[in-house]
Each structure stands twice: as structure tokens, then as C-alpha cells.
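Student: I'd like to go over a predicted model; first the sequence, then the structure.
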Amino acid sequence: MININENNKNIDEFNLLYDSVGWGSYDENISKKALENTFYSVSVYDDDKIIGYGRLIGDTICFMYIHDIMVMPEYQSKKIGTMIMNKLLEKIEELKKENPDIRVYLGASKGRESFYEQFGFVRRIDADLGYGMILKGK
Ligand SMILES: CC(C)(COP(=O)(O)OP(=O)(O)OC[C@H]1O[C@@H](n2cnc3c(N)ncnc32)[C@H](O)[C@@H]1OP(=O)(O)O)[C@@H](O)C(=O)NCCC(=O)NCCS
């Protein structure tokens, strides 16, 4: 049976999912700190098996970021990702009571934009919303 758990900080499950979607996995200490500092997260299980995850990070009043939306390959296209996004956006609605103008960002992998567009996200292609930029690593 599919069930949802909020704010689970299980490092192994997080790393397992990361690996399953082809993103590799973080060092355990990095995952631990990342999860500790996560404002809100949703883990999805098939019985007790982890199959999906998504999280919110940010200051809870001006800027929030949606990150790490992951669904195990064998469970993709079954609306699990939709379930995760809806839960995260419910939490954003709660935050909006304090600041209706809170900005919610995400970085879509190439080709995934249409998944997010159905939830109201738009592509930032002009300066009005701020160009999408990132500090380049080595
Ligand atoms: C992208 C992802 C989170 C979507 O989750 P999902 O459970 O497979 O998606 P859903 O079943 O909820 O899809 C709902 C709708 O979103 C759209 N959609 C789903 N996967 C998509 C994808 N990979 N790219 C673009 N649109 C997609 C489709 O319109 C779909 O509706 P349909 O099934 O009626 O065609 C999931 O495929 C995944 O984890 N992929 C690997 C990791 C990843 O890329 N994460 C996103 C990083 S930005």
C-alpha cells in the first residue's frame, strides 16, 4: 500500500533514491546535514519500501526552494511525483498565510520542465523574475 511520511530524515533512503535516479549519492555526512537543515520533506513508501521523495528548503517567509524530487524508476509515471509535489505545495500554501508573496523556486533538469509546469511553475527566461543563475563549480 502506498503511504506518505513527512519529515523523515533517513540518510540511507535518501541516498538510495538519489542513486536510483542516476544522480549518484552524497557522502553520508553531507546527506545527514542536508536532511537536518531541510524545512519540510515528503517520503513515499510502497508498504515499507521507499519509492519517492521531495523536500523544501528556505527561510519560510521570503524564499523557498523545491529540491530532490525523486521517484524510483520502476514507480515512475504512476503519479507518485504528482503526489509529492502536491504535498510540498500544500505546505507552501500554509507559508503563504504569513507572506502571500513568498517566492518558490526550483531547478528543473533538462526535459523535466513540463512536469513542473502543470503545477504552475514557469520558465524564467526574462529579467522580470530574475534570470536563473548558479555559482559554477570547478
Ligand atoms: C520527474 C519525476 C519526479 C516525475 O514523477 P512521476 O511520478 O514519474 O510523474 P507522474 O506520474 O506524477 O507524472 C505526472 C505528469 O507529469 C508529466 N511527466 C512525468 N514525468 C515527466 C518527465 N520525466 N518529464 C516531463 N514530464 C513528465 C506527465 O505529463 C505526467 O502525466 P501523464 O502520466 O498523464 O503523461 C520522476 O520521473 C523522477 O523521479 N525522475 C528522475 C529524477 C528527476 O529527474 N527528478 C526531477 C528533477 S528536476
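Tutor: Arrived safely. Keep in mind that what you see is a predicted model, and the values were worked out from it rather than measured.

Student: Mind jotting down where the helices sit in the chain?
Tutor: For the chain, the helices defined by DSSP state H cover 11-20, 28-36, 80-96, 113-117.

Student: Turn these into JSON lines, columns for mean pLDDT and distance to residue 62.
Tutor: To be clear about C-beta, it is placed using only N, CA and C from the backbone, and glycine gets the same treatment. JSON lines is the format used below for the helices of the chain (pLDDT from 0 to 100; distance: least, Cβ to Cβ, whole Å):
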{"stretch": "helix 11-20", "mean pLDDT": "97", "distance to residue 62": "26"}
{"stretch": "helix 28-36", "mean pLDDT": "97", "distance to residue 62": "21"}
{"stretch": "helix 80-96", "mean pLDDT": "98", "distance to residue 62": "10"}
{"stretch": "helix 113-117", "mean pLDDT": "97", "distance to residue 62": "21"}
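
Student: of those, which approaches residue 51 most closely?
Tutor: helix 80-96 (6.3 Å; Cβ to Cβ).

Student: which one of the helices of the chain is the most hemmed in?
Tutor: Among these, helix 11-20 has the highest mean neighbour count (mean count of other Cβ atoms under 10 Å), at a mean of 18.

Student: CA atoms only for it, dumped as PDB, please.
Tutor: Extracted in PDB, the C-alpha atoms of helix 11-20 (Å, rounded to 0.1, in the frame of the first residue of the first chain):
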ATOM      1  CA  ILE A  11      20.000   9.100   5.100                       C
ATOM      2  CA  ASP A  12      20.100   5.600   3.600                       C
ATOM      3  CA  GLU A  13      16.700   6.000   2.000                       C
ATOM      4  CA  PHE A  14      17.700   9.400   0.600                       C
ATOM      5  CA  ASN A  15      21.000   8.100  -0.800                       C
ATOM      6  CA  LEU A  16      19.200   5.000  -2.200                       C
ATOM      7  CA  LEU A  17      16.800   7.200  -4.100                       C
ATOM      8  CA  TYR A  18      19.500   9.500  -5.300                       C
ATOM      9  CA  ASP A  19      21.400   6.600  -6.700                       C
ATOM     10  CA  SER A  20      18.300   5.000  -8.300                       C
END
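
Student: Those residues of the chain touching the ligand, which are they?
Tutor: 21, 69-71, 76-82, 108-109, 111-112, 114-115, 118 (Cβ under 6 Å from any ligand atom).
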